[in-house]
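Novice: my questions are about this predicted structure, shown below with the sequence.
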Protein chains: 2
Amino acid sequence: MPTFRISSDTFLGKAAAERLFVGAAPHEIVLPPSLATSALVRDVAPPSLSEIDIAFGQPDVASILASPRLRWVHLTSAGYTRYDTPEFRAAVKARGLQVTNSTGVYAEPCAEHVFAFMLAQARRLPEGLQSAYANGSAPWSKLRNSSPLLRYQRVVILGFGGIATRLVEMLKPFDVEIAALRRSARGDEGVRVITLEGLPAALALADHVVNILPANADSDGFISAARLAMMKPGAVLYNIGRGTTVDQDALARALHSGHLGAAWLDVTEPEPLPTDHPLRKAPNCFITPHVAGGHQDESGSLVRHFLANLARFSEGRPLLDRVM
Amino acid sequence: MPTFRISSDTFLGKAAAERLFVGAAPHEIVLPPSLATSALVRDVAPPSLSEIDIAFGQPDVASILASPRLRWVHLTSAGYTRYDTPEFRAAVKARGLQVTNSTGVYAEPCAEHVFAFMLAQARRLPEGLQSAYANGSAPWSKLRNSSPLLRYQRVVILGFGGIATRLVEMLKPFDVEIAALRRSARGDEGVRVITLEGLPAALALADHVVNILPANADSDGFISAARLAMMKPGAVLYNIGRGTTVDQDALARALHSGHLGAAWLDVTEPEPLPTDHPLRKAPNCFITPHVAGGHQDESGSLVRHFLANLARFSEGRPLLDRVM
């Protein structure tokens, strides 16, 4: 078996780093002098990839393009916006470089997060947790009678990848009617797949619209004023994709007017949203600070997922979560 | 078919009341002069049941015992504490009176409510929704890494009826390990059933303890200081049964000491809990005001459920949700 040199530019913590060193042996792990504190924020000089076979982390595009020895890039995120350009894709294809991401790590926490949003909305937890209404009082009766329940409702999912697949499993006991927007149906989705042509009709019926779109040229501002207007009065929008996919001013207006029942956002543009942003004051707008993918021992999960892929790479088998 | 006289003492609203009148025909519906605003709080004189065959609502025990013509009492609640005495049970049995409750109406909202609690806890929604941490900051990393995820965790359910049955269905996609406490196993629970002997061992392992016990002599103070101490450090307690089943002072101490990770309560004793109660200031104590059973058109659900049972009663078939 050939021995590879693997760079890791992600701060993993002691336990996960040890797991990486032990699990990757006999391959060699090369660390940069200092490490970023997060996979999403980088404040260190990129490590040189010139003598590297495999890059595990968030290597920058210029370094990848300048390193012909590199054969595989495994990203520690599910998003890969800055790599998703025609130029980079062309270069990658020409060189036979493989690019994988960590979708397998983030599907479970992201799906649990948006599912928690949906149930918190269905059960009116934000109001309930802040109230101390007396049994039988008018506001108590109003709150008690305000839950639509999640069961039997209609859900539209925008973007059908690993997160959506897992979300569909979680929704199964609730007998919801699901329509999923996907560029092209593969037939293995287990739910009704719609294309852009079918979207207006689906939006007009949906109680819940779950946006999992990645950031790219096609998705920029996808949740536009026009599409918000297509949504059923009282419908609820969820976003765990990327903030750029939503026209946030239009969303704030749709919440202020009461057209939308609520919005639950884990991603915004920018992050965090300034305290004076219209969405901060919009009624029924609930925001978490881009934590949907987080979970205990996230670094350990990233390493386990990478090692599983490293075994495949070593044996010449197809890689998991390949995006290019 | 015999024609019955049916009393209804519950305020249903116009639509549900019409549904009751239309659906119950040719049977006769008898209303009292004024109606309570809630199924749980009564401030009106009880209607006379002396000329009544079927009571739908919350008739008081004395009126039932004084009305030998009464053949069936259908309660508009899942709880039936005030009827659950040896004396009442004996009188009911001697007379051949049937007593049913509305468990079938409340299983879905109650299960959704406690499931929303569990996911909100797993995903740390209370902190996330109140924070605006910057990506990569220390508190952000801490929050991101704090979610244990719901998947693969251990759950103990105390009390196995309609709500627990539905909750088990909802938990299925999460591959959790469930142990359910039930007086005696029927064999159709679909999960491991334990008795009191097995409870300490189960509590020592559980990440989530879901209390659905009804209020009665056996359950009074069931979640005692001793049982709280048996729970695994960091475990989370949920209560959607009745407030009397928990030693609330002991719970407040277990939260203050950090032994318990959190408590999510829809029921307390009394309701609402006074603003100076120890639980109001206990860390990670989240309270909703007894709304778990609520949902849109609750009155309509109650009427539909009663009418389904009325059809069974008219045809001499076994009643749904019979408790005596």
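Specialist: It's in.

Novice: only C-alpha atoms for contact and neighbour calcs from this point on.
Specialist: Will do.

Novice: first-to-last residue distance for stretch A:288-308?
Specialist: Using C-alpha to C-alpha, to the nearest Å, the span of stretch A:288-308 from its first residue to its last is 31 Å.

Novice: revised request: answer the last question for stretch A:171-190.
Specialist: End-to-end distance of stretch A:171-190 (C-alpha to C-alpha): 12 Å.

Novice: ok, stretch A:211-218 next?
Specialist: The straight-line separation of the ends of stretch A:211-218 (C-alpha to C-alpha) is 14 Å.

Novice: and what of stretch A:73-89?
Specialist: End-to-end distance of stretch A:73-89: 13 Å, with C-alpha to C-alpha as the criterion.

Novice: got a list of contacts for it?
Specialist: For stretch A:73-89, contacts defined as C-alpha atoms under 8 Å, 6 or more residues apart in numbering or on different chains pick out A:10, A:39-40, A:54-59, A:61, A:97-103, A:106, A:214-216, A:302, A:306, A:324.

Novice: can you give me the offset of it from its chain's centre?
Specialist: Computed by C-alpha atoms, centre = their mean, to the nearest Å, the chain-centroid distance of stretch A:73-89 equals 14 Å.

Novice: buried residues in it?
Specialist: Using 16 or more other C-alpha atoms under 10 Å in any protein chain shown as the test for burial, stretch A:73-89 gives A:Val73, A:His74, A:Leu75, A:Thr76, A:Ser77, A:Ala78, A:Gly79, A:Tyr80, A:Tyr83, A:Phe88.

Novice: would JSON lines of those residues with pLDDT be doable?
Specialist: Formatted as JSON lines, the entries for the buried residues of stretch A:73-89 read as follows, by pLDDT from 0 to 100:
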{"residue": "A:Val73", "pLDDT": "98"}
{"residue": "A:His74", "pLDDT": "98"}
{"residue": "A:Leu75", "pLDDT": "97"}
{"residue": "A:Thr76", "pLDDT": "96"}
{"residue": "A:Ser77", "pLDDT": "92"}
{"residue": "A:Ala78", "pLDDT": "88"}
{"residue": "A:Gly79", "pLDDT": "87"}
{"residue": "A:Tyr80", "pLDDT": "92"}
{"residue": "A:Tyr83", "pLDDT": "95"}
{"residue": "A:Phe88", "pLDDT": "97"}
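
Novice: so which of these are in helices?
Specialist: Within the buried residues of stretch A:73-89, residues falling in helices by DSSP state H are A:Phe88.

Novice: between the buried residues of stretch A:73-89, which is closest to A:Val191?
Specialist: Compare each of these with A:Val191 using C-alpha to C-alpha and the shortest gap goes to A:Ala78, at 22.7 Å.

Novice: got phi/psi on the closest one?
Specialist: Main-chain dihedrals, A:Ala78, degrees, to the nearest 10: phi -90, psi -40.

Novice: so how far is A:Asp175 from it?
Specialist: From A:Ala78 over to A:Asp175 the distance is 29 Å, taken as C-alpha to C-alpha.

Novice: PyMOL command to pick out the buried ones of the contacts of stretch A:73-89?
Specialist: This is how PyMOL selects the buried members of these, with burial counted by 16+ other C-alpha under 10 Å:
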select buried, chain A and resi 10+39+54+55+56+57+58+59+97+98+99+100+101+102+103+106+214+215+216+302+306+324
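
Novice: get me the contact residues on the stretch 101-250 of chain A for chain B.
Specialist: Within reach of chain B by C-alpha under 8 Å from any C-alpha of the partner chain, the stretch 101-250 of chain A has these residues: A:109, A:112-113, A:115-117, A:119-120, A:123, A:125, A:128-136, A:140-141, A:143-150, A:169-170, A:173-174.

Novice: buried stuff in stretch A:281-298?
Specialist: Using 16+ other C-alpha under 10 Å as the burial criterion, the residues of stretch A:281-298 that qualify are A:282-298.

Novice: so which of the residues you listed are in helices?
Specialist: Of those, the ones assigned to helices by DSSP H are A:Glu298.

Novice: can you list which of the buried residues of stretch A:281-298 are found in strands?
Specialist: Among those, the members found in strands (DSSP state E) are A:Cys285, A:Phe286, A:Ile287.

Novice: in CSV, list those along with distance to chain B and pLDDT.
Specialist: Compiled in CSV, these are given as follows (distance: C-alpha to the nearest C-alpha, whole Å; pLDDT from 0 to 100):
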residue, distance to chain B, pLDDT
A:Cys285, 10, 98
A:Phe286, 6, 98
A:Ile287, 5, 98
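
Novice: low-confidence stretches in chain A?
Specialist: A:33-47 (pLDDT under 70).

Novice: can you give me the helices in the stretch 201-324 of chain A?
Specialist: In the stretch 201-324 of chain A, helices defined by DSSP state H, counting those that start in this stretch lie at A:225-230, A:248-256, A:278-281, A:298-314, listed in chain order.

Novice: show me what the shortest one is packed against.
Specialist: Put plainly, it is helix A:278-281. Secondary structure elements in contact with helix A:278-281, counted by 3 or more C-alpha pairs under 8 Å, 6 or more residues apart in numbering or on different chains; DSSP states H and E, are helix A:248-256.

Novice: how about a cut-off of 10 Å?
Specialist: For helix A:278-281, the contact count by 3 or more C-alpha pairs under 10 Å, 6 or more residues apart in numbering or on different chains; DSSP states H and E identifies helix A:248-256, strand A:285-287 as packing neighbours.

Novice: want to try TSV for those, with distance to A:Glu269 as columns?
Specialist: Supplementary listing: the helices and strands packed on helix A:278-281 in TSV, determined by distance: least, C-alpha to C-alpha, whole Å:
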stretch	distance to A:Glu269
helix A:248-256	8
strand A:285-287	12
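
Novice: what's the most buried one of the ones you listed?
Specialist: For these, ranked by mean neighbour count under the definition mean count of other C-alpha atoms under 10 Å in any protein chain shown, the leader is strand A:285-287 at a mean of 23.

Novice: tell me how far that one is from the chain's mean position?
Specialist: If you compare the mean C-alpha spot of strand A:285-287 with that of the full chain, they lie 17 Å apart, counting by C-alpha atoms, centre = their mean.

Novice: cool, stretch A:242-255 as well?
Specialist: Here stretch A:242-255 shows a centroid-to-chain-centroid distance of 17 Å under the convention C-alpha atoms, centre = their mean.

Novice: what's the straight distance from one end of that stretch to the other?
Specialist: Terminal residues of stretch A:242-255 lie 19 Å apart, using C-alpha to C-alpha.

Novice: before we move on, what about stretch A:118-137?
Specialist: Using C-alpha to C-alpha, the end-to-end distance of stretch A:118-137 comes to 27 Å.

Novice: now it: buried residues?
Specialist: Under the neighbour-count criterion of 16+ other C-alpha under 10 Å, stretch A:118-137 has A:118-126, A:128-129, A:131-136 buried.

Novice: then stretch A:182-195?
Specialist: Going by neighbour count (16+ other C-alpha under 10 Å), the buried part of stretch A:182-195 is A:Arg182, A:Val193, A:Ile194.

Novice: please apply the same query to stretch A:134-151.
Specialist: By neighbour count on 16+ other C-alpha under 10 Å, the buried set for stretch A:134-151 is A:134-136, A:140-141, A:143-151.

Novice: now intersect these with the helices, please.
Specialist: The helices, defined by DSSP H, take in A:Trp140, A:Ser141, A:Leu143, A:Arg144 from these.

Novice: ranges for the strands of chain A?
Specialist: A:5-8, A:28-30, A:54-57, A:72-75, A:98-100, A:154-158, A:177-181, A:192-194, A:208-211, A:236-239, A:262-265, A:285-287.
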